[in-house]
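Trainee: Let me see the structure of the following:
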Amino acid sequence: MARTLEHDLPLSPRQSQLGGIAQTYDWQWQGQALTVTYETVGEGEPVLLLPAFSTVSNRAELKDLAAGLASQFQITALDWPGFGESDRLPLDYGPALYTQFLQDFVTATFETPIAIVAAGHAAGYALNLAVHHPTIGSKLVLVAPTWRGPLAVMGAPPTVRSGVKELVRTPLLGQALYSLNTHPAFLKWMYRRHVFVDEQRLTPDYIQQRHESTQQPGGRYAPAAFVTGGLDPMPSRETCLQSIESITCPVMVVVAEQAPPASKAEMEAMVALPKVQSTCLPGTLGQAEEYGDAVAETIRPFLASVTL
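Mentor: From the prediction side, this is the model:
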């Protein structure tokens, strides 16, 4: 079960996004102190939900998924460092930071092995955790998993991607570029292009909420790293597949039917592995949010199954 840490008392002023208890976890990275927000809801065996990385990444995206599982499990969902209600310091965000953070958070927060449900880019970090710390995870569910950032998928060379990331980090021009990339009209275009299938969900209120979530102080640093491939947890498809084959816990992959061709090809390569249980559901890269109810219903038996 998840345990309450001394530094979580009294409860932080963070707002509940899942109908549970919002708390904070204090973490150190290279001498910098960060406060990370997470939320727990439900009772039962512990399940950790990891939201997909994106410009608008936050645990609120997992509300329906959490609700669909909370009647049977104790659900914990977090905001990654640099996103959501967690601190957004001007750090050089990269795989080493998130790999270490996830290991430290899980070790500090849970007393027993946990099931992990990871969406999108978070899948690679969940896999790395399972590979290097096999006693931590009991089961692993990857929902519309990806491992390459948008500019990498588009074929931009590393030098160009690195240059764009550094440009966005600059004080004036960087903030201007980030403002354009998070303008409500651009966010709606992005959602229509490869995040949601049902455009009716993209109401003005919804887009405004997503826009507001990006406008926190320091909000541009981690998203810039993600977009340019700086948060890619795996160097290649082969590494990703080797990681899945090497872990000892059961693995399930949920393929998004309407995912972009390049991303869907990665998902299909994963489900071709003999040890992977799989299912295919409607949705694209935002499947964990848009079809959270269906994902919860589908993965619930897998999470409840007894591991031999």
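Trainee: Could you pull out the helices in the chain for me?
Mentor: 63-69, 95-109, 122-132, 150-153, 158-169, 173-181, 184-194, 204-214, 221-227, 237-246, 261-271, 287-290, 292-304 (DSSP state H).
Trainee: most tightly surrounded among these?
Mentor: Per-stretch averages of neighbours, counted by mean count of other CB atoms under 10 Å, single out helix 287-290 among those, with a mean of 26. (Glycine included, C-beta is placed from N, CA and C.)
Trainee: Outside of stretch 59-75 itself, list whatever touches it.
Mentor: Surrounding stretch 59-75, the residues in contact under the criterion CB atoms under 8 Å, 6 or more residues apart in numbering are 1-2, 17-20, 37-47, 49, 51-52, 77-79, 84, 115, 117, 119, 213, 286, 288-289, 292-293, 295-297, 299-300, 303-304.
Trainee: before we move on, what about stretch 169-185?
Mentor: Contacts of stretch 169-185 (CB under 8 Å, 6+ apart): 55-56, 90, 167-168, 186, 207-208, 211, 214-215, 219-221, 223-224, 227.
Trainee: change it to 10 Å
Mentor: Here stretch 169-185 makes contact (CB atoms under 10 Å, 6 or more residues apart in numbering) with 55-56, 90, 92, 164-168, 186-187, 189-190, 204, 207-208, 210-215, 219-221, 223-225, 227.
Trainee: Dump that stretch to CSV, keeping only the CA atoms.
Mentor: The C-alpha trace of stretch 169-185 is given here as CSV (Å, rounded to 0.1, in the frame of the first residue of the first chain):
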residue,chain,number,x,y,z
ARG,A,169,15.0,28.2,-22.9
THR,A,170,16.1,31.7,-23.7
PRO,A,171,14.4,34.5,-21.7
LEU,A,172,12.5,36.6,-24.3
LEU,A,173,12.4,34.8,-27.6
GLY,A,174,12.0,31.4,-25.8
GLN,A,175,8.9,32.6,-23.9
ALA,A,176,7.5,34.1,-27.1
LEU,A,177,7.9,30.8,-28.9
TYR,A,178,6.4,28.9,-26.0
SER,A,179,3.4,31.2,-26.0
LEU,A,180,2.8,30.5,-29.6
ASN,A,181,3.1,26.8,-29.1
THR,A,182,0.6,26.9,-26.2
HIS,A,183,-1.9,29.3,-27.7
PRO,A,184,-5.5,27.9,-27.5
ALA,A,185,-5.8,27.8,-31.2
